[in-house]
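# dropping a prediction and its sequence here:
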Amino acid sequence: MSTQLKQSLQFRRMVAADLDAVMAIENVIYTHPWTRGNFADSLAAGSHCWVMESNAVMTGYAVLNIAAGEAHLLNLSIAGSWQRRGLGRTFLFYLYDFIGKNGADVLFLEVRESNLGARALYAQAGFREIGTRRGYYPSYIGREDAIVLEYKS
Ligand SMILES: CC(C)(COP(=O)(O)OP(=O)(O)OC[C@H]1O[C@@H](n2cnc3c(N)ncnc32)[C@H](O)[C@@H]1OP(=O)(O)O)[C@@H](O)C(=O)NCCC(=O)NCCS
């Protein structure tokens, strides 16, 4: 990642006014996107919802829960035109730091078996595969398995 890009990045809490920009990204990068209601519910429930910006442009967002010393990453997304520049990895490292400061030393997530790009990112960022949830996701041809991943700090 260029120094210029790295220095331009800022993380802040997501707010309801972000949801138009979030949905504009979400609807493009997923075959089965979250709904606006899913994000609104996460905000209302007190999930940790983060936005990453470069010069005030939204480059990505993440949603996670922390409870009983464990964190669960529910959504990690980088806008299409910003992918493959190290932003996903940078966001994950930010979240590792954040969960550590909030009493969690383990981070779990599920990823579609077919999502090889995301799986490559997570493997590179220190996650290990610990299981499979059969038919966890909807897909165009029925259901798709989730791979369960764990990161321990
Ligand atoms: C998956 C996602 C978060 C990755 O973010 P990103 O900013 O593009 O990833 P990075 O640039 O930080 O990639 C870091 C490393 O992960 C791996 N990687 C990331 N995307 C990859 C892809 N599409 N194919 C292969 N490897 C990939 C590479 O090893 C990469 O390092 P390199 O570019 O030096 O080779 C992003 O592509 C995205 O939002 N995708 C759509 C939504 C999604 O699938 N979210 C995850 C759901 S669990």
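Done, it's in.

# strands along this protein, start to end?
Listed in chain order, the strands of the chain (DSSP state E) span 9-13, 48-54, 57-67, 70-78, 106-112, 128-139, 142-152.

# leaving out sequence neighbours, find the closest residue to the most centrally placed residue in the chain.
Nearest to the mean C-alpha position of the chain, by C-alpha atoms, centre = their mean, lies Leu76 at 1.3 Å. Setting aside the residues directly before and after it, Leu76 is nearest to Ala62 in space (C-beta to C-beta, 6 or more residues apart in numbering), at 4.8 Å. From N, CA and C alone the C-beta is placed, and that goes for glycine too.

# average pLDDT across stretch 58-70?
For stretch 58-70, the mean per-residue pLDDT is 98.

# do stretch 125-143 as well
Rounded mean pLDDT across stretch 125-143 is 96.

# residue ranges with poor pLDDT in the chain?
Counting by pLDDT under 70, the chain contains no low-confidence residues.

# how about the residues of it by the ligand?
Residues of the chain lying near the ligand by C-beta under 6 Å from any ligand atom: 29-30, 76-78, 83-89, 111, 115, 117-118, 120-121, 124.

# what do you get if the cut-off is 8 Å, keeping everything else the same?
Neighbours of the ligand within the chain, by C-beta under 8 Å from any ligand atom: 29-30, 60, 73, 75-80, 82-92, 109-112, 115-118, 120-125.

# just the buried residues of the residues you listed.
Neighbour counting by 16 or more other C-beta atoms under 10 Å classes 60, 73, 75-79, 82-83, 85-88, 90-92, 109-112, 115, 118, 121-122, 125 among those as buried.

# tell me, how many residues neighbour the residue nearest to Leu76?
24 (other C-beta atoms under 10 Å).

# run through who's touching the longest helix along the chain.
Counting residues, the longest helix found in the chain (DSSP state H) is helix 87-101. Residues outside helix 87-101 that contact it (C-beta atoms under 8 Å, 6 or more residues apart in numbering) are 1, 6, 9, 11, 48, 50, 52, 59-60, 62, 64, 66, 71, 73, 76, 78, 105, 107, 118, 121-122, 124-125, 151, 153.

# returning to what we had before: in TSV: the strands of the chain, plus distance to Ile99.
Compiled in TSV, the strands of the chain are given as follows (distance: least, C-beta to C-beta, whole Å):
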stretch	distance to Ile99
strand 9-13	13
strand 48-54	9
strand 57-67	6
strand 70-78	4
strand 106-112	6
strand 128-139	17
strand 142-152	9
